[in-house]
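Novice: got a predicted structure here, sequence first:
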Amino acid sequence: MAILLSTKLNAMEAWRDALLAEDPGLDIRMFPDAGDPADIEAAVVWTAHDLMELRRYPNLKLMVSMGAGVDHLTRPPGPPPGVPVARLKDARLTSGMAEFVLLNVMRFHRQDLEYRAQQAARIWNELPAPDTTKRRIGILGLGELGSAAARTLLPLGFPVMGWTRNPRQVEGVETFHGADGLDAMLRRTDILVCLLPLTPDTRGVVNARTLGLLPRGAFLINAARGGHVVDADLLAALDSGQVAGAALDVFEPEPLPTDHPYWGHPKVLVWPHAASITIPSSAAPQVVENLRRAREGRPLINLVDFTAGY
Ligand code: NDP
Ligand code: OXD
């Protein structure tokens, strides 16, 4: 029985090596060279794979997303019926995201946009000292990544709030949930961090109404998915001064078109979907563990709940 890998060629090679390092006996096929479709028992795929193609494998018993996000698997036609899907929960992916959030929180908190603009104009001018204990961070999503970002910011003294679908408790974090909870959190958020999965409920959550609830001059960090932000509304909020700056790692579509206004916007930091990158050698153990579990009929780990959409 074999594992099918499908992503960019160099990443596929890294995944193959990482999986073989975990279990040298694995039979790994790199798409499109799947061999006999009946051999394939697990498919480890990323966003570009055609989900219809996966229905060719009659013995498929496990699908794995090569990342934390699974919005690429929730689009029609979805995964083959009856095949369980796992996502990654990986320490390196999580710490990479916490670093990204910390970096951009600090850039906004320490007035880096203003100081860089002053440098470009050769202006020597000290701005008022910011107070960490008064810079309130609101995180949309307190899952694997959002809660890690919160744990990174709390020891520095930032007041941290978080918004979830279900009521949650995270030590040191003031939590909110549901529609009313969102509005209450936004009214007190100086730096908004989006770490939500993209689902029908969360698409467009950062829009003219929600940005308008933020205190004037707030900042946005979006490291989740481009579909969370209504771009025209964010650009209007940046241009009016309602939002003072945005760090954007994800876009719709990707790559961000070269003529997009974000590229040259003085208040926007553009990243090429690199906030946190899956490291195959770190992520491979859980994939092999899940494969063993699937073979032995034991409960799988990190399963996606397709009813919730993440
Ligand atoms: P999790 O599934 O662990 O956490 C998701 C969080 O979002 C949970 O707290 C969940 O609430 C909350 N949530 C989901 N739907 C809603 C809703 N309708 N209203 C309020 N809260 C909601 O995901 P991860 O933390 O692992 O990842 C989050 C996303 O980050 C991924 O889906 C992916 O899109 C993106 N990502 C981006 C990367 C990059 O490099 N830019 C890298 C990795 C991931 P509850 O706790 O109640 O379930
Ligand atoms: C992910 C990503 O979802 O890299 O893991 O975007």
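Specialist: Here it is on my side, so go on. Numbering: from 1, shown residues only. Ligands and ions are numbered 1, 2, ... in the order given.

Novice: ok, and the closest non-adjacent residue to the most centrally placed residue in the chain?
Specialist: Centroid-nearest residue in the chain: residue 224, 3.6 Å away (criterion: CA atoms, centre = their mean). Distances taken as CB to CB, 6 or more residues apart in numbering put residue 194 closest to residue 224, at 4.6 Å, once the chain neighbours are dropped. Bear in mind the C-beta positions are built from the backbone N, C-alpha and C, glycine included.

Novice: run a quick neighbour tally on that neighbour.
Specialist: 25 (other CB atoms under 10 Å).

Novice: go on, residue 191?
Specialist: 25.

Novice: next: residue 50.
Specialist: 11.

Novice: which bits of the stretch 1-150 of the chain sit near ligand 2?
Specialist: Contact residues, the stretch 1-150 of the chain versus ligand 2 (CB under 6 Å from any ligand atom): 67-69.

Novice: in helices only, show me those.
Specialist: Taking DSSP state H, every one of those sits outside helices.

Novice: can you pick the most crowded of the residues you listed?
Specialist: Counting neighbours by other CB under 10 Å, residue 68 comes out on top of these with 23 neighbours.

Novice: chain center to the longest helix along the chain: distance?
Specialist: Secondary structure of the chain per DSSP H: the longest helix is helix 91-109. Distance of helix 91-109 from the chain centroid (CA atoms, centre = their mean, to the nearest Å) equals 12 Å.

Novice: quick one: contacts of that helix?
Specialist: 67-68, 112-113, 130, 132, 135, 137, 144-145, 148-149, 151-153, 158, 191, 193, 195, 219, 221, 223, 244-245, 247, 249, 269, 271, 275-279, 282-283 (CB atoms under 8 Å, 6 or more residues apart in numbering).

Novice: could you do stretch 176-183 as well?
Specialist: 140, 161-168, 175, 184-185, 205, 210, 213.

Novice: in helices, which of those residues appear?
Specialist: 184-185, 210, 213.

Novice: which one of these sits closest to ligand 1?
Specialist: residue 185 (10.4 Å; CB to the nearest ligand atom).

Novice: could you measure the closest residue to the closest one other than its chain neighbours against residue 154, distance?
Specialist: Nearest in space to residue 185, with sequence neighbours left out and distances taken as CB to CB, 6+ apart, is residue 176 at 4.4 Å. Remark: distance between residue 176 and residue 154 (CB to CB, to the nearest Å) = 16 Å.

Novice: re earlier: make TSV out of the ones in helices among the contacts of stretch 176-183 and add distance to ligand 1, pLDDT and neighbour count.
Specialist: Output for these, formatted as TSV (distance: CB to the nearest ligand atom, whole Å; pLDDT from 0 to 100; neighbours: other CB atoms under 10 Å):
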residue	distance to ligand 1	pLDDT	neighbour count
184	13	98	17
185	10	98	23
210	12	98	20
213	15	98	17
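
Novice: which two in the residues you listed are spaced the farthest apart?
Specialist: 184 and 210 (12.0 Å; CB to CB).

Novice: circling back to that earlier point, okay, residue 176 and residue 154: which has more neighbours?
Specialist: Neighbour count, other CB under 10 Å: between residue 176 and residue 154, residue 176 has more, with 22 against 16.

Novice: enumerate every residue touching the residue of the stretch 101-250 of the chain found nearest ligand 2.
Specialist: Nearest residue of the stretch 101-250 of the chain to ligand 2 (CB to the nearest ligand atom) works out as residue 250 at 7.0 Å. Neighbouring residues of residue 250 by CB under 8 Å, 6+ apart: 222-226, 228, 273, 275.

Novice: got a list of what the residue of the stretch 51-200 of the chain found nearest ligand 1 touches?
Specialist: Closest residue of the stretch 51-200 of the chain to ligand 1, CB to the nearest ligand atom: residue 143 (1.7 Å). By CB under 8 Å, 6+ apart, the residues touching residue 143 are 164, 195, 197, 310.

Novice: cool, thanks, talk later.
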